[in-house]
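Q: Sharing a model that was predicted from the sequence below.
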Amino acid sequence: MKKVMLTMLFVFLTSKAFAGGIETPSDQVANMSKLEQRIGALEKTIASQQTVIKEQTSQIQALQSVVAEKKPNETVYLPTKEELEKKVGVGYGKLTVGGLFQGWYSMSNDADDTARIRRTELKFAGEVNKDLRWTIMFDPSQLREDATRRSSLQDAYFTLGYVPRHKFDIGQFKIPHTEEGLRSSAKLETIERSFITRTFGDKRDIGIMMTGDWDWLMYQAGVFNGQEQNNLDVNDKKDLAWRAVLRPFRSGSSQHEVLKNVELGISQYYRNSNDSSVFTEKRRMGFEARWEYGRYSLKGEAAYGQTAAAPLWGWYTQGGYFLLPDKLQGVLKFDSFDQNERASEDRAHDLTAGLNYFLDSYHAKLQLNYVRREGQGSLDDNQILSAIQVAY
């Protein structure tokens, strides 16, 4: 390139000599020196740009090889949020689809070791407007769990919210009795519910219920058929149920932070009858207490029931502690139940020690429980339960 520049300089000087005379040798040397300096600067700039081009070319080739390995011959496309929301069409309003799957494995002294599909809930919840919602939930696994069941329908109800701080549920849903019975199965801290909850709570029926909710108080009151879920009433009488939960420190000052999640509750289920041959009397009363703070949790319930056959009562207390924050929880529970106070050899006591490992909060978790049952007669048993859960 330097030779080319010198040739051009010679031509320039020659043409200038013919046009206006020949420069002196000293002038030619000075001009030559200036041109060489400019040529040197241009060569450095060109070399620097060539280095940058080579580096960028190498980077492009590296990125192309990575893309080719991950998605060969495939165009990467990410749908927008608006496009995702349009994947499922809704006739009107909003629709949310959820569910719960639980698989259990149990080992026991008194029963065969077995795997078990405990829950396969599929839930549809919709919103017509902010004051009118609906919920439908099925659980096909319950047809195998309960041989008397004829339908997998669990919940089916409307929710009206036209009154401030209140809502009205109309249809089939859980009766407001016992805290553990009303708690979602996905959020239980032990694999199985307690004796009193399985006996008194965790029951569904067809009816209407009103719920009021403030920071310091929540109450529920309802009227029900009294024939439990998926059944029509067989008489003109209706059952009554109510529950109230006091949260005395929920809206208090910061000095009550430790007690902020204290809850104290009472519930009652009542059925009256003038003709025991047609309509069996049933009365139930429950008391509950719950506290959570940081890694710690404590809860307990007691319930008493009166039927035409016999009075029965029970209670449980439970404590929990997160060994690893939000990941690994240890639980210890003592459960006692007397299914007939008039008879002997029917009292049972369960001691449960458990671990909960949360893969993604309660949406995905593993559970392991050891249950030691002691009772009069032949009620003694040792049981190991394990469970895997996915809730969505």
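A: Arrived safely.
Q: partners of the helix or strand harbouring residue 136, with directions?
A: Residue 136 is part of strand 132-138 when elements are defined by DSSP states H and E. In the sheet, strand 132-138 lines up against strand 114-129 (antiparallel), strand 153-160 (antiparallel) (DSSP bridges).
Q: What pairs with the following helix or strand past the last one, parallel or antiparallel?
A: Using DSSP H and E, the next helix or strand after strand 153-160 towards the C-terminus is strand 166-174. Next to strand 166-174 in the sheet, as set by DSSP bridges, lie strand 153-160 (antiparallel), strand 204-213 (antiparallel).
Q: starting at the chain centroid, how far to the host helix or strand of residue 198?
A: Assigned by DSSP H and E, residue 198 falls within helix 195-200. Taking the mean C-alpha point of helix 195-200 and that of its whole chain, the gap between them comes to 25 Å (C-alpha atoms, centre = their mean, to the nearest Å).
Q: cool, stretch 218-237 as well?
A: Using C-alpha atoms, centre = their mean, the offset of stretch 218-237 from its chain centre is 30 Å.
Q: Let me see the residues that make contact with the helix holding residue 198.
A: For helix 195-200, the surrounding residues in contact (C-beta atoms under 8 Å, 6 or more residues apart in numbering) are 177-178, 180-181, 192, 269, 284, 286, 301-303, 305, 312-316, 335-337, 339, 348, 350. Bear in mind the C-beta positions are built from the backbone N, C-alpha and C, glycine included.
Q: Among these, which lie within helices?
A: Using DSSP state H, 180-181 are the members of the contacts of helix 195-200 that sit in helices.
Q: From the contacts of helix 195-200, which land in strands?
A: Mapping these onto strands (DSSP state E) picks out 269, 284, 286, 301-303, 305, 312-316, 335-337, 348, 350.
Q: where does the chain dip in pLDDT?
A: For the chain, the stretches flagged by pLDDT under 70 are 1-23, 66-88, 252-255, 272-281, 308, 376-379.
Q: Kindly check the end-to-end length of stretch 213-229 for me.
A: Stretch 213-229 has an end-to-end distance of 26 Å (criterion: C-alpha to C-alpha, to the nearest Å).
Q: Would you mind listing the buried residues in that stretch?
A: Under the neighbour-count criterion of 16 or more other C-beta atoms under 10 Å, stretch 213-229 has 218-222, 224-226, 229 buried.
Q: Kindly report the same for stretch 337-344.
A: By 16+ other C-beta under 10 Å, the buried positions in stretch 337-344 come out as 337-339.
Q: Closest to residue 45 out of those?
A: Using C-beta to C-beta, the shortest approach to residue 45 within these belongs to residue 337, at 90.3 Å.
Q: follow-up on the earlier one: for residue 322, find the nearest of the strands paired with strand 132-138.
A: strand 114-129 (24.5 Å).
Q: Show me which helix runs longest in this protein.
A: Ranking each helix of the chain by length (DSSP H) puts helix 25-70 first.
Q: which other helices and strands contact it?
A: Applying 3 or more C-beta pairs under 8 Å, 6 or more residues apart in numbering; DSSP states H and E, one finds that helix 25-70 contacts helix 2-20.
Q: coming back round to it: could you identify the helix or strand that succeeds the strand holding residue 136?
A: helix 142-145.
Q: Quick one: distance of that following helix to the chain centre.
A: The answer for helix 142-145 is 24 Å, by C-alpha atoms, centre = their mean.
Q: Buried residues, that helix. List them.
A: Buried residues in helix 142-145 (16+ other C-beta under 10 Å): residue 142.
Q: who does it touch, helix- and strand-wise?
A: When contacts are defined as 3+ C-beta pairs under 8 Å, 6+ apart, helix 142-145 packs onto no helix or strand at all.
Q: Residue 288 contacts residue 263, correct?
A: Yes: contact criterion C-beta atoms under 8 Å: residue 288 and residue 263 qualify, at 7.5 Å.
Q: Find residues that contact each of the two.
A: Joint contacts of residue 288 and residue 263 (C-beta under 8 Å, 6+ apart) are 179, 245.
Q: the more surrounded of those two?
A: Between residue 288 and residue 263, residue 288 has the larger neighbour count (other C-beta atoms under 10 Å), namely 21 against 18.
Q: That one bridge partners, please.
A: According to DSSP bridges, beta-bridge pairing links residue 288 with residue 265, residue 301.
Q: List the contacts of it.
A: Residues near residue 288 by C-beta under 8 Å, 6+ apart: 178-179, 245, 263-267, 299-301.
Q: Of those, grab the buried ones for PyMOL.
A: This is the PyMOL syntax for the buried subset of the contacts of residue 288, where burial follows 16+ other C-beta under 10 Å:
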select buried, resi 178+179+245+263+265+267+299+300+301
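Q: quick check, nearest of the contacts of residue 288 to residue 370?
A: Among the contacts of residue 288, and counting by C-beta to C-beta, the member closest to residue 370 is residue 299, at 19.6 Å.
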